[in-house]
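# Below are the sequence and a predicted model for it; my questions follow.
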Amino acid sequence: MNKILLAMDDTKSSIKTIDKMSEIFCTCMPREIVLLYVQKIISGGSIMDNLIISDSEWETLKDSLEGTEYQDMRNEKAKKVIDYYCGHLDKKGITGIHPVVRKGHAAEEILNVAREEEVDLIIMGCRSERMHNLILGSVSREVANSAEVSVLLVK
C-alpha cells in the first residue's frame, strides 16, 4: 500500500482512528499518508444538503467567506487541528504525512481528495447513531457508498 487518505475531524474519535490505523499498519506503514481535515461550510452536513443547496450555492458560500474574520478563525482552527494530528502521528513514529485542508461538504471533499491524490485506501471514523443516519445520512456512509477505492471505517 503506497498512499492512504486519513480523514480527520475535530472529535475525539479521530484519535481512535489514528490509533487503529497505526495498529493495522504497524509492520508496513504506507509510503505517504494524506491527512485531510475538511472545514464544514454549514454545521451538520449530510446527503440532504445536496437537495437543499445546489453546487453553485455551495461555491457562493465558500467564496463569501474568503477574506472574512470568520474565515480567518476557521483557518486558525484547521491549522491547530492538523498540527495536533501531525504531532500525534509523529509521536507514533509515523512519517510521510501530507496535510490537506479543504472547505465544503465533508464526504464530497474526501472523495475529491482521494481521486486527486490517487490514494489506495480511505480511513475514517464513523459513528453509530442509527436514527441520525436513517434520517440525514452520514459522511462515512456517503464515502463508503461512493468511493472508487476501499474504505476502512473505524468505530
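It's in.

# any idea how far Ala147 lies from Lys79?
27 Å (Cβ to Cβ, to the nearest Å). (Glycine included, C-beta is placed from N, CA and C.)

# can you check Gly87 too?
From Gly87 over to Lys79 (counting by Cβ to Cβ), the distance is 12 Å.

# Neighbour count for those two, which is higher?
A direct count of neighbours by other Cβ atoms under 10 Å for Gly87 and Lys79 places Lys79 higher, at 13 against 10.

# The more buried one in helix, strand or coil?
helix (DSSP: H, G, I helix; E, B strand; the rest coil).

# Name the helix or strand for the closest residue to it other than its chain neighbours, please.
Sequence neighbours aside, Val101 is the residue nearest to Lys79 in space, at 7.8 Å (criterion: Cβ to Cβ, 6 or more residues apart in numbering). Assigning secondary structure by DSSP states H and E places Val101 in strand 97-103.

# average pLDDT across the helix or strand hosting Ile110?
In this assignment (DSSP H and E), Ile110 forms part of helix 106-117. Throughout helix 106-117, pLDDT has a mean value of 96.

# List the strands paired with the helix or strand immediately after it in the chain, with their directions.
Counting by DSSP H and E, the element after helix 106-117 in chain order, helix or strand, is strand 121-125. When pairing is defined by DSSP bridges, strand 121-125 lines up against strand 3-8 (parallel), strand 150-154 (parallel).
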